[in-house]
Structure formats: C-alpha cells, structure tokens
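**Q** fold the following and give me the result.
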Amino acid sequence: MTATRQRSPKGKAGIGARALLLSMAMLLVGACSGIPLGGPPPDLYTLTPKSSFDAALPTVEWQLVVEEPVAAGAIDTDRIALRDAPTVLEYYAGVRWTERAPRMVQTLLVESFENSHRIVAVGRQAIGLRSDYNLKSELREFQADYFEEGQPPTVRVRLNVKLVKQPRRAIVASRNIEATVKAAGTGIGDVVLAFDDALGRVLRQTVEWTLTIDQ
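**A** Next up, the predicted model:
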C-alpha cells in the first residue's frame with residue numbers, strides 16, 4: 001500500500017529565468033492534477049451496477065430522476081481514497097477511478113434501477129426527464145480503512161438518500177445506507193473488488209428502499 005505524495009523538485013543552478021518560470025508552471029500544473037509529469041498513466045478501475053433484486057419488489061408507475069450525489073472535496077475526485085487513521089485521508093498511487101466517485105455512483109444507481117425492471121423510467125437530470133420523484137443523495141464515505149496493522153483494509157461506503165416528491169419538492173423519506181467489506185488481500189485488485197461488493201450492497205438497498213416506500 002502506498003499513498004500519493006506530491007513533491008516538487010528544485011530548479012537547477014544556471015537555468016535561464018524564462019525556463020525556470022516555465023518549469024515552475026509545469027510543476028504547479030502537475031501538482032494540481034495529481035499526475036506526475038513524465039510518469040506512466042494511472043491504472044483505471046470501475047465498479048459494476050446491481051442486476052439482482054428481491055423477487056417481491058413491486059413495479060411502480062412513476063418516473064425517477066437520480067441526481068449526482070454531493071460529496072466532500074476529498075471524495076469528490078477520481079482518486080481512490082484510503083485512511084490509516086480516522087482523521088487522515090490519502091490516496092493510492094498510480095490508480096484512479098474512471099470518473100469522479102459521485103458521478104460513478106450516480107451512473108451505477110441509474111443502471112441498477114434500470115436493471116430492476118420495476119420502474120417506468122429513470123435517468124439523470126441532464127436528459128430532461130420530467131420526474132415524479134427525485135433521488136437526492138450525499139456520498140459520505142467511500143474509502144478503504146487500514147485501521148488494523150498488517151491486515152487487509154476494510155472498504156466503507158455510506159450514502160444518505162432522500163426521495164423528493166415533485167413538483168412540491170417535499171421530502172417523502174430519507175435513510176442512511178451503509179456497507180463495509182473486508183478486502184481478501186492487500187493488492188489493489190482485492191481492494192477494488194471490496195469496493196465493488198460494498199457499493200453493490202448499497203446500490204441494491206437503495207433501489208429496494210426507493211421502490212418499496214409507501215407513497
């Protein structure tokens with residue numbers, strides 16, 4: 001396990017003023033993007049939607065818009081987060097999600113609702129769907145915790161969801177949905193599989209909770 005650290009090399013003596021300024025500007029760009037200049041591209045990982053649900057799940061006759069979850073800045077990124085202390089959030093080096101974590105969760109929520117085959121229509125805000133309900137959410141935890149020394153991490157996913165009736169914009173119900181999964185090993189492949197399992201549990205619970213609320 002390694003955490004990304006950004007370090008800026010010092011300029012060499014004798015370099016011209018313009019070259020030095022250009023070099024400093026490039027270093028700032030690299031530090032802001034989190035991608036080492038001249039280094040290999042990061043390995044990209046993605047997660048999967050749910051496709052199996054309770055057979056007794058009802059069919060609803062309304063349309064749903066799934067909004068992108070809000071998240072704290074440390075989670076609102078494509079970097080894969082880890083903690084080795086409750087107050088410290090770092091990132092794995094050389095790996096990324098294929099998109100920002102909240103955007104990825106939104107995509108997988110939409111696909112999971114579609115896979116349930118229990119709802120008339122579901123989509124993002126961007127497609128212009130006139131919804132009966134909106135699903136608002138906040139991604140509060142999405143990281144691998146290394147709190148046990150020498151042990152594989154435990155992935156924790158926590159999503160607060162609210163179902164909002166349109167056009168009144170009244171909150172019908174809200175719930176915290178959480179899952180934790182211990183990785184089978186310390187390699188990044190095992191960690192990503194644990195993320196997939198934990199998020200999958202949250203996706204399934206979110207779909208089933210939304211579709212079974214007594215309207």
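**Q** list the buried residues of the strand or helix carrying Ile177.
**A** Element membership for Ile177, per DSSP states H and E: strand 170-182. By 16 or more other Cβ atoms under 10 Å, the buried positions in strand 170-182 come out as Ile177, Glu178, Ala179, Val181, Lys182. Where C-beta positions appear, they are placed from N, C-alpha and C, glycine not excepted.
**Q** tally of neighbours for the nearest residue to Ala72 once chain neighbours are set aside?
**A** Spatial nearest neighbour of Ala72, chain neighbours left out: Arg140 (7.9 Å); criterion: Cβ to Cβ, 6 or more residues apart in numbering. The tally of other residues near Arg140 (other Cβ atoms under 10 Å) stands at 17.
**Q** could you verify my assumption that Arg140 touches Val157?
**A** No - counting by Cβ atoms under 8 Å, Arg140 does not reach Val157; the two are 9.1 Å apart.
**Q** can you map out the helices along this protein?
**A** 17-33, 101-116, 188-212 (DSSP state H).
**Q** could I get these as a markdown table with mean neighbour count and distance to Leu163?
**A** What follows is the helices of the chain, written out as a markdown table (neighbours: other Cβ atoms under 10 Å; distance: least, Cβ to Cβ, whole Å):
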| stretch | mean neighbour count | distance to Leu163 |
| --- | --- | --- |
| helix 17-33 | 12 | 37 |
| helix 101-116 | 21 | 12 |
| helix 188-212 | 20 | 6 |
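**Q** between the ones you listed, which one is closest to Arg83.
**A** helix 188-212 (12.6 Å; Cβ to Cβ).
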